[in-house]
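Visitor: Fold the following and give me the result.
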Amino acid sequence: MALNDRRTLEGVYSVHQSVIYIQNYRYAEERMMRMMAGWIALTPELAVKLEMAKQVYEDALHTDALGKRLPELRAQPQISKPPNEAFVTFMNTIEDKEEWEDTIERLVGIYRVLKPHLISHYSSHVSAMNPVYEAPTLRILQRLVEEEKAHVERGIVLLDELLDSKEKHLRAAQWQSDLEGLLGASGGVTGIESEAERANRKVGRS
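Guide: Numbering: from 1, shown residues only. This is a model prediction of the structure:
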């Protein structure tokens with residue numbers, strides 16, 4: 001059978017590997033929730049403030065759901081762990097955009113880089129799982145994929161409204177490139193960058 005054949009008893013990931021990945025995902029969701037919550041008071045655009053507030057709440061629910069899954073896998077509940085220090089640096093770099101005029105950089109970091117990256121990893125994880133034996137984790141990740149996609153759609157609309165000049169488009173593109181470089185160097189949320197993401201970054205540089 002193929003590695004990701006859903007008929008296999010354990011699926012691709014062992015219980016131990018699932019625990020590690022869930023802790024990694026929880027770290028990303030928790031950090032994202034906290035940084036967006038901190039940005040609300042620093043963001044002058046009312047529509048962005050309101051959308052961030054809604055998404056902070058939903059990301060908090062994601063964080064809680066992932067944390068509650070851990071003891072069901074014989075691990076401590078509500079534990080968040082980054083995959084490595086390079087990923088922490090990547091997250092810190094996104095969060096450090098705290099000036100009043102940094103709304104474009106904040107939106108680029110979340111909606112062009114971080115959330116799309118998480119969606120990619122969650123989706124890959126879902127496609128590799130056994131739907132019978134890993135059903136609870138499957139339901140959580142499917143929910144996260146659906147809600148994070150909705151977050152990105154709304155966030156990109158807000159970002160596009162702010163990109164009203166060539167200079168701002170260039171500014172957004174440069175910041176996205178900088179962040180993607182850091183993300184790629186870290187290996188991403190699990191410390192293992194996917195083949196698809198590597199290919200996309202190569203295309204972007206060509």
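Visitor: Next, the buried residues of the helix or strand hosting residue 27.
Guide: When elements are defined using DSSP states H and E, residue 27 is found to belong to helix 15-39. Across helix 15-39, burial judged by 16 or more other C-beta atoms under 10 Å covers 18-37, 39. For glycine as for every other residue, the C-beta is placed from the backbone atoms N, C-alpha and C.
Visitor: Is the residue nearest the centre of the chain part of a helix or strand, or is it coil?
Guide: Closest to where the C-alpha atoms of the chain average out (C-alpha atoms, centre = their mean) is residue 118, at 3.2 Å. Of the three states, residue 118 takes helix under DSSP: H, G, I helix; E, B strand; the rest coil.
Visitor: Return the residues in contact with it.
Guide: When the contact criterion is C-beta atoms under 8 Å, 6 or more residues apart in numbering, the partners of residue 118 are 25, 28-29, 144, 148, 189.
Visitor: possible to save those residues as CSV with pLDDT and distance to residue 79?
Guide: As requested, the contacts of residue 118 are exported to CSV (pLDDT from 0 to 100; distance: C-beta to C-beta, whole Å):
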residue, pLDDT, distance to residue 79
25, 98, 11
28, 98, 13
29, 98, 13
144, 98, 17
148, 98, 21
189, 97, 15
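Visitor: Run through the neighbouring helices and strands of the longest helix that the chain contains.
Guide: Secondary structure of the chain read by DSSP state H shows that its longest helix is helix 135-162. Contacts of helix 135-162 with other secondary structure elements, assessed using 3 or more C-beta pairs under 8 Å, 6 or more residues apart in numbering; DSSP states H and E, are made with helix 15-39, helix 46-69, helix 103-107, helix 115-128.
Visitor: which residues touch the shortest one?
Guide: Residues from elsewhere that reach helix 103-107 (C-beta under 8 Å, 6+ apart): 39, 43-45, 48, 94, 97, 155, 158-159, 162-163, 168, 171-172, 175.
Visitor: before we move on, what about stretch 138-152?
Guide: With C-beta under 8 Å, 6+ apart as the test, stretch 138-152 has contacts from 25, 29, 55, 58, 62, 65-66, 69, 111, 115-116, 118-119, 122-123, 125-126, 129, 131.
Visitor: and what of stretch 66-76?
Guide: The list of residues contacting stretch 66-76 from outside it, by C-beta under 8 Å, 6+ apart, reads 15, 18-19, 22-23, 25-26, 29, 77-80, 136-137, 140.
Visitor: how about low-confidence regions in the chain?
Guide: Across the chain, residues meeting the criterion (pLDDT under 70) sit at 1-11, 193-206.
Visitor: element containing residue 75, please.
Guide: Applying DSSP H and E as the criterion places residue 75 outside every helix and strand.
Visitor: Backbone dihedrals for it, please?
Guide: Comment: the main-chain dihedrals of residue 75 come out as phi -130, psi 170, following degrees, to the nearest 10.
Visitor: what's around it, how many residues?
Guide: 17 (other C-beta atoms under 10 Å).
Visitor: separation between it and residue 19?
Guide: When distance is defined by C-beta to C-beta, to the nearest Å, residue 75 is 4 Å away from residue 19.
Visitor: Count the neighbours of residue 137 for me.
Guide: When neighbours are counted by other C-beta under 10 Å, residue 137 registers 22.
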